[in-house]
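Chemist: any chance you can model this:
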Amino acid sequence: MKSLAMVVGVVLGLAAYRADALSVVLEQSPADPFSAGTFFSDLDHPRSAATPFFLTSSASVASLVWWGGYFGLGPAPADGSSAFVIRLYATNSFGKPESHPLHEVAVAASVSAIAAIVPSFRFEATLPAALDIPAGVLLWLAIVDVDPTRPTFAWRKSTEYGTSYSRAEPGFPWNETSGLGSFRLEGTAVPEPGTGVLALLGLSVLAIRSRRRAIECRRPSDQGR
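Modeler: Down below sits the predicted model:
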């Protein structure tokens with residue numbers, strides 16, 4: 001029984017380790033600035049953009065990365081942090097984002113300058129609480145700058161192909177626009193309930209049975225005593 005308890009402990013420990021390891025859930029890398037444009041997505045503009053995505057496997061998203069730049073008058077952007085709002089929209093019956101978000105959260109994003117001919121920046125934010133996203137569901141991600149100390153934020157596209165939506169704030173109708181936003185979702189996969197653990201546990205039980213058989217074969221026979 002001690003052997004079985006030890007193996008079960010190791011198996012559950014491995015499962016916990018895999019669950020805690022953050023990985024890239026989905027990434028749409030930014031395009032070269034001369035091959036794709038940007039979306040204005042800034043509360044001061046005021047305008048927001050929403051780009052579509054879906055996951056092939058369910059995941060718990062803990063942090064986001066995105067890319068963009070700044071336009072307009074104001075202090076020169078520098079490394080540091082900036083205030084953003086992250087919104088997640090469901091899809092309505094017309095294939096557009098719903099008017100009201102499923103989820104909305106304010107974040108303080110770290111801002112890092114990227115060496116390039118066109119001034120660009122990398123933004124990264126950790127969500128206050130991980131967000132569980134199911135597989136195969138079309139959702140819309142909006143990333144909106146709400147920092148009044150910075151110029152207008154322009155979200156870098158990953159491609160000019162595909163369809164996103166943009167609208168004036170607050171709450172005007174969505175308008176179709178070309179291209180997809182650049183972003184990366186980071187988190188942990190949500191596996192089918194118990195599948196990985198049960199498979200490892202099954203192999204462990206077989207190993208224990210083989211060990212027991214080997215011990216029994218080494219025992220002296222009762223005959224001859």
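
Chemist: the helix or strand containing Ala129: which residues count as buried?
Modeler: For Ala129, the host element (DSSP states H and E) is strand 120-133. By 16 or more other CB atoms under 10 Å, the buried positions in strand 120-133 come out as Ser120, Phe121, Arg122, Phe123, Glu124, Ala125, Leu127, Leu131, Ile133. Quick note: C-beta positions are derived from backbone N, CA and C, even for glycine.

Chemist: would you mind pulling the contact partners of that strand?
Modeler: With contacts defined as CB atoms under 8 Å, 6 or more residues apart in numbering, strand 120-133 is touched by 25, 30, 33, 55, 58-70, 77, 82, 84, 86, 88, 103, 105, 107-114, 139, 143, 156, 185, 187-188, 190.

Chemist: strand partners (parallel or antiparallel) of it?
Modeler: Using DSSP bridges, strand 120-133 pairs in its sheet with strand 59-71 (antiparallel), strand 103-114 (antiparallel).

Chemist: of those strands, which is nearest His45?
Modeler: When the strands paired with strand 120-133 are compared by CB to CB, strand 59-71 sits nearest His45, at 9.5 Å.

Chemist: going on from that closest one, what's the next piece of helix or strand?
Modeler: strand 80-89.

Chemist: which other helices and strands contact that following strand?
Modeler: If you count contacts as 3 or more CB pairs under 8 Å, 6 or more residues apart in numbering; DSSP states H and E, strand 80-89 packs onto strand 47-53, strand 103-114, strand 120-133, strand 139-145.

Chemist: still on that earlier bit, reformat the strands paired with strand 120-133 as a markdown table; add distance to Pro46, mean pLDDT and mean neighbour count.
Modeler: Below are the strands paired with strand 120-133 laid out as a markdown table (distance: least, CB to CB, whole Å; pLDDT from 0 to 100; neighbours: other CB atoms under 10 Å):
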| stretch | distance to Pro46 | mean pLDDT | mean neighbour count |
| --- | --- | --- | --- |
| strand 59-71 | 14 | 95 | 20 |
| strand 103-114 | 16 | 94 | 15 |
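
Chemist: check contacts around Ala21.
Modeler: Neighbour list for Ala21: Thr188 [criterion: CB under 8 Å, 6+ apart].

Chemist: oh, that last question was meant for Phe183, not what I typed.
Modeler: With contacts defined as CB under 8 Å, 6+ apart, the neighbours of Phe183 are Glu27, Gln28, Thr51, Phe53, Leu64, Val65, Trp66, Trp67, Leu141, Ile143, Ser158.
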